[in-house]
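Asker: compute the structure for the input listed below.
(chains A and B)
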Amino acid sequence: MRAVLAGIAVVTLLFLALPVFVVLPLSFSASPYLEFPPAGLSLQWYARYFESPKWSGATLLSVEIALGVTALSLLLGVPAAFSLVRAEFRGKGLLLALFMSPIIVPYIVTAIAVYFLFARLGFVGSPLALLLAHTLLALPKVVVIVAAALKGFDRTLERASMSLGAGRLTTFYRVTYPSIRPGVITAGLFAFLTSFDELIITMFISGATAVTLPKRMWDAVRLEIDPTIAAASSLIIAIAVFILTATELLRQRAGRIRIPMA
Amino acid sequence: MRLGSLRPLLPLAPALVFLGVFFVQPLARMVALSFGAADGPFAHYVRAVESPVYLKVLGMTFQTALGVTLICVLLGVPTAWFLAGLRGRLGTVLVVAVILPFLTSILIRTYAWMAILGRNGVVNQVLLATGLTSAPLPLIHNTFGVYVGMVHVLLPFMVLPVYSVMTGIDPTLFRAAQSLGATPARTLRTVVLPLSLPGIASGALLVFLIAIGFYITPALLGGVGDVMISNLIEVQVIELLNWGFASALAFVLLLATVVIMLLFDRVLGLDRLTV
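Answerer: Modelled structure (predicted):
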């Protein structure tokens, strides 16, 4: 019984890890087509990725949009998290549900609703439309992560600071913010990744002009399984590893970091 | 109400306005559109239920989601139990096998499965090279491919909540069970599983919830017949420009989601949605 269950677990874990360990070697393949294991190693797909304006342009656009999303979702989400954690009011549960709903509602539903809006405004194909739509998906994650950090914060520290003569702003910058900073950084990292990875809403509103990296990959995957996609995937996996490591380090230093699931 | 009592809520205002303009309002207009058919408010809905094609897609969506959820429970619970038993010693296994795929986009993972299971993919190359088959096996562009891809994407949503509940069980309970003569299998059945039930339930609901809205994996790994409701919505919007009918389908999907979410909140509480 025990052995059977452990066997299922090991096979499942191998199944989960398999794609990453296939995509990475494929991206270094010297062969002109998909060949596994690759007969020789080369950086040709990375070279093609960085040299092709189609790929590098899409990457640059994705980075720009993701940075904008990070800034906007922190700007909207951090103050909102403060109110949601600290203020007591009726209907708070409902408001929390509203803040979570963009990641609970199926993406295709949000995608067409937002697409109809931007199509009516003549906004399809604009990077700004993508920035706004991606912020919608990043905001719930920011709120959840920052709220969890705030819940673990001991407010007597603020009272101590103010009783010692510090004003509200000084107290925020010298006491509250340093304590929740790991949560805010994690929130920013997840906001960035959310936008950088987003495909479904992007598919509808990117048009022909605002082609992000996931959209570029989507178009390429449908035409041919070009190993350049493996190179692009490996780079995105590297970013995910970086974010994961950063989050783990922040978690070790500060605890109280929770990651939303969806 | 005095104005002063609203002050603590002021920081919420920008985010609320944003959600109102770019989320609530577009959704409301979409719902309105779904009831705006020329031949009566419910015409789009009637069409969805009367046409065997669309009804089949709806049935297919729920059937696939249910099947995928079942497989995720069967594979995910033993995996979470195994990982919990490692007690941190092999925490890296958890990170590499569960959390890293969890953070890697669905598109990349689906692409990986195309490279692994495709006609010229890794599996077929191995099978042909070893002479086990003489022609490539059709492993994608069929229901099998959809299941593999979806289970792979959704398993972490099953493993993580169950794992976190299992590591939270007081270990003295295991010792108590053992000292009273229970075998490991019996301890698992009478102590571990009942105590992990909230985690299993929340994982299964979450997997089902995400599964019914799947788009990318069925589009890339499925065959002609493996159309899920999301794929149908996309075709209606982009190719057939039938916004009203697409809105009706989307509203059905939205309602199904809301019902599952209310169930989730009633049984487990929404704060279980984090790890």
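
Asker: is the longest helix seen in chain A up against chain B anywhere?
Answerer: Secondary structure of chain A per DSSP state H: the longest helix is helix A:53-86. Yes: Helix A:53-86 lies within reach of chain B by CB under 8 Å from any CB of the partner chain, at A:75-77, A:79-80, A:82-84, A:86. C-beta here means a position set from N, CA and C on the backbone, and glycine is covered the same way.

Asker: tell me the buried residues in that helix?
Answerer: By neighbour count on 16 or more other CB atoms under 10 Å in any protein chain shown, the buried set for helix A:53-86 is A:55, A:58-59, A:61-63, A:65-70, A:72-74, A:76-85.

Asker: mind listing what's buried along stretch A:116-130?
Answerer: Buried, per 16+ other CB under 10 Å, within stretch A:116-130: A:116-119, A:123-124, A:126-127, A:129-130.

Asker: mind giving me the packing neighbours of the helix or strand hosting B:M114?
Answerer: Using DSSP states H and E, B:M114 sits within helix B:106-117. For helix B:106-117, the elements it packs on are helix A:2-27, helix A:213-223, helix A:227-254, helix B:122-129, helix B:143-167, helix B:216-221, judged by 3 or more CB pairs under 8 Å, 6 or more residues apart in numbering or on different chains; DSSP states H and E.

Asker: tabulate those (JSON lines), appending mean pLDDT and distance to A:E51.
Answerer: Shown next, in JSON lines, are these (pLDDT from 0 to 100; distance: least, CB to CB, whole Å):
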{"stretch": "helix A:2-27", "mean pLDDT": "88", "distance to A:E51": "15"}
{"stretch": "helix A:213-223", "mean pLDDT": "89", "distance to A:E51": "14"}
{"stretch": "helix A:227-254", "mean pLDDT": "83", "distance to A:E51": "10"}
{"stretch": "helix B:122-129", "mean pLDDT": "86", "distance to A:E51": "27"}
{"stretch": "helix B:143-167", "mean pLDDT": "91", "distance to A:E51": "31"}
{"stretch": "helix B:216-221", "mean pLDDT": "92", "distance to A:E51": "27"}
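
Asker: quick one, which of the ones you listed is nearest to B:P184?
Answerer: helix A:2-27 (5.5 Å; CB to CB).

Asker: and the closest one with chain B, contact?
Answerer: Yes: using CB under 8 Å from any CB, helix A:2-27 reaches chain B at A:2, A:5-6, A:8-10, A:12-20, A:22-23, A:26.

Asker: so what's B:T69 up against?
Answerer: By CB atoms under 8 Å, 6 or more residues apart in numbering or on different chains, the residues touching B:T69 are B:154, B:204, B:207-208, B:211.

Asker: need the buried ones from these selected in ChimeraX.
Answerer: Buried members of those, defined by 16+ other CB under 10 Å, are picked up in ChimeraX with:
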select /B:154,204,207,208,211
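
Asker: among the contacts of B:T69, which are located in helices?
Answerer: Checked against DSSP H, the contacts of B:T69 include these in helices: B:154, B:204, B:207-208, B:211.

Asker: what's the following helix or strand after the helix or strand bottoming out on mean pLDDT in chain B?
Answerer: Lowest mean confidence among the helices and strands of chain B (mean pLDDT, DSSP states H and E): helix B:91-94, at a mean of 68. Note on helix B:91-94: by DSSP H and E, the next helix or strand toward the C-terminus is helix B:100-103.

Asker: report all helices and strands that that following helix contacts.
Answerer: helix A:2-27, helix A:227-254, helix B:143-167.

Asker: the strand or helix carrying A:K141 and chain B, any residue contact?
Answerer: Using DSSP H and E, A:K141 falls within helix A:127-151. Yes: shown here: helix A:127-151 in contact with chain B (CB under 8 Å from any CB) through A:132-133, A:135-136, A:139, A:143-144, A:148.

Asker: show me which of those are buried.
Answerer: Neighbour counting over the residues of helix A:127-151 next to chain B (16+ other CB under 10 Å) leaves A:132-133, A:135-136, A:139, A:143-144, A:148 as the buried ones.
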